[in-house]
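S.K.: make a model of this:
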Amino acid sequence: MPASKKTTTPTIDELIDNYEPSLKEMVQALRSIIIKTDKEIAAQVKWNAPAFYYTGTMKAFNAKEYKRDLVVIHTQKGYPLLIFPTGAVIKDSSNLLEGVYADGRRMITITSMEMLQQKKKGIEKIIKAWLQAIEKE
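M.R.: Numbers count the residues shown, from 1 in each chain. Just a heads-up that it's a prediction; the model follows:
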């Protein structure tokens, strides 16, 4: 009988360490911005990507609504794409959020460190707006 293969989920550090250098630098910078915005934001690997979620107490909800999930850093074509699964609840005064999808997600594209620095304050505002919009207990 063959031994079963044991699969493990990589840590965020392991995941990021496998990125090419410029992508790694952008993702690490985004991770720092997101985590430092509020003490009740934590990180995990979800959907095979660095993902950030609210750790505080919330009103009960259907887990398939992803209300606790703040943002996922999806990497494509050498740059990060911030995906806010419940981005439709965010009042975006910065106008950084892109797309309008039926499932409520919104996105921000970052193609360089320069662009990340230009969008940093707006990203922080978006995260704070999301924290204001969620249904806390």
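S.K.: surely Ile35 and Ile41 touch.
M.R.: Yes. Counting by C-beta atoms under 8 Å, Ile41 is a contact partner of Ile35 at 5.9 Å. Just so you know, the C-beta spots here come from the backbone N, C-alpha and C atoms, and that holds for glycine as well.
S.K.: mutual contacts of those two, please.
M.R.: Phe52 (C-beta atoms under 8 Å, 6 or more residues apart in numbering).
S.K.: the more surrounded of those two?
M.R.: Ile41 (19 against 13; other C-beta atoms under 10 Å).
S.K.: quick check: the more buried one vs Asn18, distance?
M.R.: Ile41 is 23 Å from Asn18, where distance means C-beta to C-beta, to the nearest Å.
S.K.: which non-adjacent residue is nearest Lys121?
M.R.: Distances taken as C-beta to C-beta, 6 or more residues apart in numbering put Ser94 closest to Lys121, at 7.6 Å, once the chain neighbours are dropped.
S.K.: three-state assignment of the one you found?
M.R.: Assigned with DSSP: H, G, I helix; E, B strand; the rest coil, Ser94 falls in the coil class.
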